[in-house]
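Chemist: need a 3D model of the following:
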Amino acid sequence: MHYKYLAIEGNIGSGKTTLATMLSKDYDIRLILESFAENPFLPKFYENPDRHAFPLELFFMAERYHQLKSLKEQDLFQPQIISDYFFIKSKLFAKNNLQYDELQLFYSLYDIMFSSLSKPDILIYLYADIQRLKQNIKKRGREFEQNISADYLQNIQEKYLDYLRKQDDFPVLLLDITSVDFVNDTKAYEHIKELIILPYDKGVYHKVI
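Modeler: Next up, the predicted model:
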């Protein structure tokens, strides 16, 4: 494994946490998971987005920042780390969910936080089409997610892909997993592992699994 800090990203229902957990066990890497269940505004947001979007995104950003900041300060001797998110997620979701005035305030706080955090050595983006994402969301059965619209997922997907096309700070491995179930398909999962351990220069690398 060539990378000390791996971040896995993707849309809602893409399998970020599942893949991060599987890789952590296989490679004995410290696992950092987002604590989404602790956000008290999440169920409220899906019921009334306009009212609860701003506190939702602030809470998520603060939690991610404290988690990653403590990671940078405490894990000086940790050989490798894998997380199921990258801090840019805060900016992309805020851009999708917040009104203009809220977004400008959010960005000012985000920029301060982001500047003090480490960037991943590689970002792994799990791509699945909207139909597959909807199937995954239904299958995992979180009640507050069941009414997420296809349009909402499409907007999030577009913001991620637009960011990935423009960034050049680290390599991005974009894995199209639309047609596979890497949890139950050993061959697909082994293919993912083979791709992840390869060295990459900065840029975006698109692979279909």
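Chemist: contacts and neighbour counts: CA atoms only from here.
Modeler: Will do.
Chemist: contacts for stretch 158-168, please.
Modeler: 10, 92, 96, 172, 202, 203, 204 (CA atoms under 8 Å, 6 or more residues apart in numbering).
Chemist: tabulate these (CSV), appending pLDDT and neighbour count.
Modeler: Formatted as CSV, the contacts of stretch 158-168 follow (pLDDT from 0 to 100; neighbours: other CA atoms under 10 Å):
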residue, pLDDT, neighbour count
10, 98, 24
92, 98, 18
96, 96, 14
172, 98, 25
202, 96, 14
203, 95, 17
204, 97, 20
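Chemist: and the residues you listed, which two are furthest apart?
Modeler: 96 and 202 (26.6 Å; CA to CA).
Chemist: quick one on the thing from earlier: of all the contacts of stretch 158-168, which comes closest to residue 110?
Modeler: Nearest member of the contacts of stretch 158-168 to residue 110, counting by CA to CA, is residue 92, at 11.0 Å.
Chemist: most remote residue from the middle of the protein, which is it?
Modeler: residue 101 (25.2 Å; CA atoms, centre = their mean).
Chemist: quick check: which element contains it?
Modeler: helix 100-114 (DSSP states H and E).
Chemist: quick one: mean pLDDT for that helix?
Modeler: What helix 100-114 shows for mean pLDDT is 98.
Chemist: what about the residue nearest to residue 192 when sequence neighbours are not counted, distance to residue 182?
Modeler: Spatially, and ignoring its direct neighbours in sequence, residue 192 is nearest to residue 209 (7.2 Å; CA to CA, 6 or more residues apart in numbering). Per CA to CA, to the nearest Å, residue 209 is found 9 Å from residue 182.
Chemist: also residue 115?
Modeler: 34 Å.
Chemist: which stretches in this structure count as strands?
Modeler: Along the chain, the stretches classed as strands by DSSP state E are 5-10, 30-32, 81-83, 122-127, 171-176, 203-208.
Chemist: redo those strands as a markdown table? Include distance to residue 161.
Modeler: As requested, the strands of the chain are exported to a markdown table (distance: least, CA to CA, whole Å):
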| stretch | distance to residue 161 |
| --- | --- |
| strand 5-10 | 10 |
| strand 30-32 | 23 |
| strand 81-83 | 19 |
| strand 122-127 | 9 |
| strand 171-176 | 9 |
| strand 203-208 | 10 |
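Chemist: hmm, residue 137 is touching residue 146, no?
Modeler: Yes: assessed by CA atoms under 8 Å, residue 137 is found in contact with residue 146 at 6.8 Å.
Chemist: comparing those two, which residue is more hemmed in?
Modeler: residue 137 (19 against 14; other CA atoms under 10 Å).
Chemist: that one: what's it in contact with?
Modeler: So residue 137 contacts 12, 13, 145, 146 (CA under 8 Å, 6+ apart).
Chemist: ok so, going back, overlap of the contact sets of residue 209 and residue 182?
Modeler: residue 188.
Chemist: in this structure, which helix is the longest?
Modeler: The longest helix of the chain (DSSP state H) is helix 49-74.
Chemist: ok, now which ones touch residue 180?
Modeler: Here residue 180 is in contact with 188, 209 (criterion: CA under 8 Å, 6+ apart).
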